[in-house]
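*Asks:* Need coordinates for the below:
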Amino acid sequence: MALQQQIDQDIKAAMLAKNEVHLRGLRAIKAALLLAKTEKGASETLSEENEIKVLQKLVKQRKESADIYKAQNREDLYKVEAEEIQVIEAYLPKQLSRQEIEAHIKEIISKTGVVELKDMGKVIGAANKELAGKADGKTISEVVKELLS
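*Replies:* Have a look, this model is predicted:
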């Protein structure tokens, strides 16, 4: 089932259950998917890869906002962002652990033959393609820096 249809069904279920937290997160996903779809062109449907990118962007935005709210001691707003992150992450593929990411990146480093930190862009590019949707770019970058330094 397409993500858009799944979200629509889950919105109906959340409305019936009067689950405001879930409903808020689902509506954010639906709005972002519709926006991404209209940017691509009205007749095109989003590929699964693009849907994952949209969801990752939503999570990243909310994490950044949550960090700001936490720093400003705004627990009420922080809680809202944290709740939405949980709802959105439920629709993302399972994220890899740091050890699994390290194993993948070591394999990529051996394939590409990169040994210096100045060539880390090659490794990060390959890792982003291979681990798309399974790991965030910040973690990939940190692991590559550790392994090449």
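*Asks:* Below-threshold pLDDT in the chain: ranges please.
*Replies:* Along the chain, the parts satisfying pLDDT under 70 run over 1, 40-44.
*Asks:* the longest helix in it is where?
*Replies:* In the chain, with assignment by DSSP state H, the single longest helix is helix 48-71.
*Asks:* After that one, which helix or strand is next?
*Replies:* For helix 48-71, the following helix or strand on the C-terminal side (DSSP states H and E) is helix 75-89.
*Asks:* and the next element down the chain from that next one?
*Replies:* Following helix 75-89 in sequence, per DSSP H and E, is helix 98-112.
*Asks:* Could you list the buried residues of stretch 9-28?
*Replies:* Buried residues in stretch 9-28, counted by 16 or more other C-beta atoms under 10 Å: Asp10, Ile11, Ala14, His22, Leu23, Gly25, Leu26, Ala28. Glycine gets a C-beta too; all of them are placed from N, C-alpha and C.
*Asks:* so what's the second one up against?
*Replies:* Residues near Ile11 by C-beta atoms under 8 Å, 6 or more residues apart in numbering: Leu23, Leu26, Arg27, Lys30.
*Asks:* what do you get if the cut-off is 6 Å, keeping everything else the same?
*Replies:* Residues counted as contacts of Ile11 (C-beta atoms under 6 Å, 6 or more residues apart in numbering) are Leu26.
*Asks:* Which members of the buried residues of stretch 9-28 occur in helices, if any?
*Replies:* Short answer: the buried residues of stretch 9-28 in helices (DSSP H) are Asp10, Ile11, Ala14, His22, Leu23, Gly25, Leu26, Ala28.
*Asks:* No further queries at this time; thank you.
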